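[1] Here you go, sequence then predicted model.
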Amino acid sequence: MDQRKATSFTLLMAVGTFVVVMDNTIMNVSIQALVADLHTTVSGVQSAIALNALMMAAFVLFGGKLADIVGMKKTFMAGVFLYIAGSLTASFSGNLTVFILGWCLIQGFGAALMLPNVQTIIRATLTDGAMRARAYGAMAGVNALGAAMGPVIGGFLTTYFSWRWAFRLEVLALVVIVIFHAIIPKDQPIITRARVDTLGTILQAGAMIALVLGILLISDYGLLIAKQPLVIGGVEITPFNLGLSPAAALLGLGLLLLLLFVQVETRNNAENRPSLVHLTLFTIGDFVNGLKVRSIQVSAIAGILFTVPLFMQVSFGISAFDTGLALLPLSISIILGAFLGVRLSRARLPIQIVRIGTLVLALGAVIMVARMNTGTGPLDLALGLSVVGLGAGLIGSHIVNLVLSSVSPEETAEASGVTSTLEQLGNSVGVAILGTLLTLALSLGLSQQLAASSVIPEDLKVQAQERIEHGVNIVSDQEIEASLAGYDPAVSAELLRIYDIARTNAFRICMLVVSFCGLLMYLFSFRMPGKVALPDEVEPAREAVR
């Protein structure tokens, strides 16, 4: 392939990558608009954001395996068409159910077919080493640009047009791929057609979906005993008629499916049958600990990208576009941290740079805690966001290389697929856990503040407590004031003060958890290799450990 065709091909792949990566953050600044337009709650939007990443996590390995059966281009283009269909469905949705169907289920599955095949198509198409290196470099730049621009583009469209145009813009971009798809070379004939591990795929996807949904339901239904019945389509569902929380039932189901998945994959590996993943990868200590650091890092950033925009909008009352701009310090510092991490590798071992990054990220979260106060503004959070982003960039500059260097060359492709899966799962779990923690902390804070108040009458305290036990929503001061119309002014002022304090403290608790994640990564990093191993070093090192 000549230089001109290689450039056109790389640009086309970059369009697909940019759309998928940008989509991961494009709706985070539009939470309040989604709540209003879809007649739902913050918890509902939280579920949609978590489920979108979850669908990618559940089927990204399947997307890679499917390419071995029908071909890389066919799988990639099938993902493009599904992505377009899902985006259009989401853009015209009038309620949360249709929105989740389009954005999470259809579009998420399409992304799972697209994303894992971008790198493999580039590797198969660009045989020249220099061209391939430039293409991989372009993809890395596009990933960083997509993540950075997602909140700004989403915020601009939401504020001045509608969040629906974010999805329509994605459709227009992907139509370019459909029009010029001939630039992507046709699939080579598949001589030995692989088979897909259908049972393993179902068990893995089911386990992930059940576990994340279980986490999402904790705040509304309780962890063990149901605070209220789960109603679906007018039918009340009580697991086993024992008053058990649906969250507990789903978490239990997820663990059961995970155990079954391990059994099925172990059998498939032993009998040389088609399998979704070779579990021997998880016996490699360096690989597993590297995955822990990478997954926690992704979860922490995903949690921040959900909670911080929400905090800015409900506490400061700023628009989606202003929220996107306020997040730029985080996005820019992630990119700068990645470049700095590469430069520092001339004088420091990669693992040392990762460890520095974990501590910097933890420090940034502590700064966020100190700056999240009533009466502050978006600029007060800029320093903390910048420090968090710098730490994340330092970690990200080397962590994937360290993870993949712990496996043999023959295992690299599969290890890369596992890493991508857990990255997407980390996105989903980060939103699910911090969002759930946010609601629980708010409920606890409201209960404590109400009990300590001497202004609010006892009968009103009882009524308020009953409402708290059935779940609370993250709302703005304006919404609280509207709901308190008709109350005694002194009582209204006291309730608004209580909610403001409890809400701010709930967000601060979330940032403390992010700081704890940084320290956890720091501890796990001491069980990782000190440098990127060369291919001929991997097996001898592994034998020495054995």
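    Done, it's in. Since the model is a prediction, treat every value here as computed from it, not as a measurement. Residues are numbered from 1 along each chain as shown.
[2] Please name the nearest non-neighbouring residue to the residue nearest to the spatial centre of the chain.
    When C-alpha atoms, centre = their mean is applied to the chain, the residue found nearest the centroid is N427 (1.8 Å). Nearest residue to N427, sequence neighbours excluded (C-beta to C-beta, 6 or more residues apart in numbering): A53, at 3.7 Å. Glycine gets a C-beta too; all of them are placed from N, C-alpha and C.
[3] tally of neighbours for the one you found?
    27 (other C-beta atoms under 10 Å).
[4] Going toward the C-terminus from the strand or helix carrying it, what's the next helix or strand?
    Per DSSP states H and E: A53 is located in helix 42-70. Next helix or strand after helix 42-70 toward the C-terminus (DSSP H and E): helix 72-91.
[5] Now the element after that following helix, going C-ward?
    From helix 72-91, the next helix or strand downstream (DSSP H and E) is helix 96-99.
[6] mind exporting that next one as PDB, just the C-alpha atoms?
    Extracted C-alpha coordinates of helix 96-99, given in PDB (Å, rounded to 0.1, in the frame of the first residue of the first chain):
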ATOM      1  CA  LEU A  96     -35.100   6.000  29.500                       C
ATOM      2  CA  THR A  97     -36.000   2.600  28.200                       C
ATOM      3  CA  VAL A  98     -35.700   3.400  24.600                       C
ATOM      4  CA  PHE A  99     -32.500   5.500  25.300                       C
END
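[7] what's the model's confidence in it, averaged?
    The average pLDDT for helix 96-99 rounds to 94.
[8] One more: stretch 416-436?
    87.
[9] Can you mark which positions in that stretch are buried?
    416-436 (16 or more other C-beta atoms under 10 Å).
[10] Now intersect the residues you listed with the helices, please.
    Residues of the buried residues of stretch 416-436 located in helices (DSSP state H): 416-436.
[11] Show the low-confidence segments of the stretch 51-200 of the chain, by residue range.
    The model of the stretch 51-200 of the chain has pLDDT under 70 over residues 133, 136-137, 190-194.
[12] can you rerun that using 80?
    119-120, 123-124, 126-145, 147-148, 187-196 (pLDDT under 80).
[13] Now do the same contact list for the nearest residue to V262 once chain neighbours are set aside.
    Distance criterion C-beta to C-beta, 6+ apart; nearest residue to V262, sequence neighbours excluded, is L279 at 6.8 Å. Contact partners of L279, counting by C-beta atoms under 8 Å, 6 or more residues apart in numbering, are 262, 265-266, 269.
[14] Check V21 too.
    142-143, 146-147, 150 are the contacts of V21 under C-beta under 8 Å, 6+ apart.
[15] closest to Y160 among the residues you listed?
    Distances from Y160 to the contacts of V21, taken as C-beta to C-beta, are shortest for G150 (16.5 Å).
[16] That closest one touches M22, doesn't it?
    Yes - using C-beta atoms under 8 Å, G150 is in contact with M22, at 4.3 Å.
[17] How far away from the center of its chain is stretch 429-439?
    11 Å (C-alpha atoms, centre = their mean, to the nearest Å).
[18] Can you tell me what sits against it?
    With C-beta under 8 Å, 6+ apart, stretch 429-439 has contacts from 42-43, 46, 49-50, 53, 212, 215-216, 218-220, 295, 298-304, 306-307, 310, 471-472, 474, 506-507, 509-510, 513-514.
[19] give the contact list for the residue nearest to N427.
    So A53 contacts 24, 108, 302, 424-425, 427-428, 431 (C-beta under 8 Å, 6+ apart).
[20] that older thread, name the pair among the contacts of L279 with the greatest separation in space.
    V262 and N269 (10.4 Å).
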